[in-house]
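> Here is a sequence together with a model predicted from it:
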Amino acid sequence: MPLRGAAERPASAWPRPICSGSSCELGTIVACVVAWRAPRHPHADVLCLPQEPCLTVEKQRTLRPYGRSHTKKWLAFLARASDLLAVSLDYQTTLASVVQLAVPSLADLCFVDVFDADGTLQRVAVACTDHEHEEQLRALQRPLPAPPPGHPLSEALQTRRPLLMAEPSADQIEQHIPATTHRALGLRSLMILPLIARENTVGAITLATAAKRPQFQAGDRLIAMDLAHRCALAIDNARLYQQAHQALQTRAELFDLIAHDLKNPLTVIAGNVQLLQRRLAQPAGLDDRDMATRRLEQIAASAIQMRTMINDLLDLAHVRENQPIELTLEPTDLVSVARRMAGEYQQTSSRHTLAVETPLEELVGMFDRSRIERLIANLLSNAIKYSPKGGPVVVRVTRAEEADGSWAQIEVQDCGIGIPADDLPHIFERFRRAGNTSGHIGGTGVGLASVGTIAAQHGGTVSAESVEGQGSTFTVRLPLR
């Protein structure tokens with residue numbers, strides 16, 4: 001039922017609440033009073049400034065002791081914080097501005113710790129009423145050690161709830177704040193709030209009061225919670241933007257690389273077709289059958305390269321969209337597949353010698369034949385590409401009996417440029433390429449990622465051993481069923 005008096009104003013003049021998501025902390029909507037006053041609620045006054053968030057009844061009760069003017073002050077403080085956070089998508093810059101706003105408006109000391117990509121806490125912003133100690137704290141901005149159990153920061157991060165310490169002991173404060181800062185400022189209360197966005201904890205904000213300021217109260221905790229919520233959303237939005245920007249860059253680079261890699265086999269195909277067409281146009285026609293056979297084999301090998309690349313990209317699209325890839329399992333002889341793929345790829349290079357070494361006449365298991373062919377093709381193509389000076393490429397197929405069952409093992413070894421040690425742990429990641437290939441060897445970073453995906457689909461594993469400048473050995477292990 002509409003409030004009495006609401007009909008006196010057109011709908012366009014009603015206040016529009018500002019809210020993000022299903023809730024907005026301090027800005028959760030219950031009711032509003034703008035420039036006009038609605039009938040008094042039997043339990044509480046509902047206060048909201050024009051174009052500003054409204055307060056829930058519960059939060060009004062918490063803030064009621066502070067008075068109407070104080071509440072308006074904090075709403076203006078939070079609005080200013082939102083403005084600062086919206087200035088840039090560089091969250092470190094905006095957080096530096098926000099902590100300067102929080103000091104001295106809300107606290108005498110404020111700093112923000114944020115988890116980086118590998119889960120390490122980084123102190124990214126500091127503000128203090130004592131500028132000398134602020135500079136000292138800023139000099140300490142570096143990766144922070146993981147807080148031990150019982151540490152105030154650890155408690156706030158693990159419980160994902162604000163920690164208000166109205167009268168902490170000196171030991172409790174100095175667990176989290178340097179003793180020199182504590183003693184110089186005379187810190188008397190402490191508040192640590194986790195920064196949570198989309199159910200992920202991205203860091204924490206710490207606020208502390210000095211001797212000349214009253215201890216933190218429930219209302220201060222409420223304001224700080226809203227500030228923490230806004231900071232967390234700013235960090236999360238900035239990271240999402242960075243990820244989207246990086247994805248667009250990666251896509252553009254991938255398209256360039258794919259165009260380059262597809263152009264090479266297409267050039268081979270076009271060149272051989274033109275040569276055959278010229279021979280056919282001559283009176284003698286294709287009298288040199290050996291030459292024609294070689295040209296056709298080169299065309300076929302180039303078509304295989306293109307087909308492998310396209311199938312890798314299709315599988316990659318399925319994996320990125322979390323779509324299942326169905327395997328067509330059938331009895332497959334790995335020895336036969338390895339020999340056939342080595343023969344086909346031998347046609348693509350005269351500088352390399354491809355050989356299959358195995359003590360087995362056959363090694364049959366239940367595999368998706370086309371994907372196993374692609375797995376071996378990618379490893380052979382990789383070995384040839386990253387051995388630009390040529391040389392041997394050896395494929396070994398063996399069987400291993402272990403406690404957890406029988407395993408087929410496929411190794412591909414080359415004598416190429418190798419992989420730098422720093423890149424080796426990431427070599428099977430999508431679009432990842434070794435640092436020593438940039439600028440002089442093309443590639444998309446898709447082939448080895450596809451090898452890892454195909455091995456995993458069959459319940460197997462893939463690993464790499466390499467010494468830069470001495471070549472690489474890739475090992476695939478597949479369970480024999």
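Structure received. None of the values given here were measured: they were computed from a predicted structure.

> helices and strands around the helix or strand residue 300 falls within, which ones?
Using DSSP states H and E, residue 300 falls within helix 289-320. Applying 3 or more CB pairs under 8 Å, 6 or more residues apart in numbering; DSSP states H and E, we find helix 289-320 packed against helix 218-281, helix 334-346, helix 369-385, helix 447-457. Placement of C-beta: from N, CA and C, glycine included.

> how does it look with 7 Å?
In this structure, helix 289-320 packs against helix 218-281, helix 369-385, helix 447-457, with contacts taken as 3 or more CB pairs under 7 Å, 6 or more residues apart in numbering; DSSP states H and E.

> Could you check the angle that helix makes with helix 334-346?
For helix 289-320 against helix 334-346, the angle by axes from the mean of the first three to the mean of the last three CA atoms, to 10 degrees is 120 degrees.

> quick revisit: out of the helices and strands packed on helix 289-320, which gets nearest to residue 402?
Across those, the minimum distance to residue 402, taken as CB to CB, is reached by helix 447-457, at 16.6 Å.

> What helices and strands are in contact with that closest one?
Using 3+ CB pairs under 7 Å, 6+ apart, helix 447-457 sits against helix 289-320, helix 369-385, strand 461-467.

> right, so the ones you listed: which one is the most enclosed?
helix 369-385 (a mean of 23; mean count of other CB atoms under 10 Å).

> Provide the contact partners of that one at residue level.
Outside helix 369-385, the residues that touch it by CB atoms under 7 Å, 6 or more residues apart in numbering are 305, 308, 311, 327, 330, 332, 334, 337-338, 341-342, 345, 348-349, 352, 354, 393, 410, 412, 414, 416, 441, 443, 447-448, 450-451, 454-455, 474, 476.

> which among the residues you listed end up buried?
Buried residues within those, counting neighbours by 16 or more other CB atoms under 10 Å: 305, 308, 311, 332, 334, 337-338, 341-342, 345, 348-349, 352, 354, 393, 410, 412, 414, 416, 443, 447-448, 450-451, 454-455, 474, 476.

> so where's this protein shaky on pLDDT?
1-70, 139-142, 250, 253-261, 263-264, 285-286, 312, 315-325, 431-445 (pLDDT under 70).

> same thing but at 50, please
Applying pLDDT under 50 to the chain picks out residues 1-54.

> Give me the most central residue, it.
residue 243 (6.8 Å; CA atoms, centre = their mean).

> got the contact list for that one?
With CB under 7 Å, 6+ apart, residue 243 has no contacts at all.

> if we can go back for a sec, and the angle from the helix holding residue 300 to helix 369-385?
Using the same axes, to 10 degrees: helix 289-320 against helix 369-385 is 110 degrees.

> any idea how far the residue nearest to residue 447 when sequence neighbours are not counted lies from residue 308?
Nearest residue to residue 447 in three dimensions, chain neighbours excluded: residue 378, at 4.2 Å (CB to CB, 6 or more residues apart in numbering). Per CB to CB, to the nearest Å, residue 378 is found 7 Å from residue 308.

> The longest strand along the chain pairs with which strands, and in what direction?
Assignment by DSSP state E gives strand 391-402 as the longest strand of the chain. Paired neighbours of strand 391-402 in the sheet (DSSP bridges): strand 352-357 (parallel), strand 405-414 (antiparallel).

> With respect to residue 252, which of the ones you listed lies nearest?
strand 405-414 (30.3 Å).

> Break this structure into its domains for me.
1-86, 87-244, 245-289, 300-479 (automatic domain parsing).

> can you pull the buried residues of the helix or strand hosting residue 157?
For residue 157, the host element (DSSP H and E) is helix 152-159. Buried residues in helix 152-159, counted by 16+ other CB under 10 Å: 152-154, 156-157.

> Packing partners of it?
strand 163-165, helix 170-176, strand 189-197, strand 200-209.

> mind checking which of those is nearest residue 470?
strand 200-209 (42.5 Å).

> Report all helices and strands that the closest one contacts.
Looks like strand 200-209 contacts strand 109-115, helix 152-159, strand 189-197, helix 218-281 (3+ CB pairs under 7 Å, 6+ apart).

> how big is the angle separating the third one from strand 109-115?
Which is strand 189-197. 30 degrees.

> Name every strand pairing with strand 189-197 and say which way it goes.
Sheet pairing for strand 189-197, using DSSP bridges, gives strand 163-165 (antiparallel), strand 200-209 (antiparallel).
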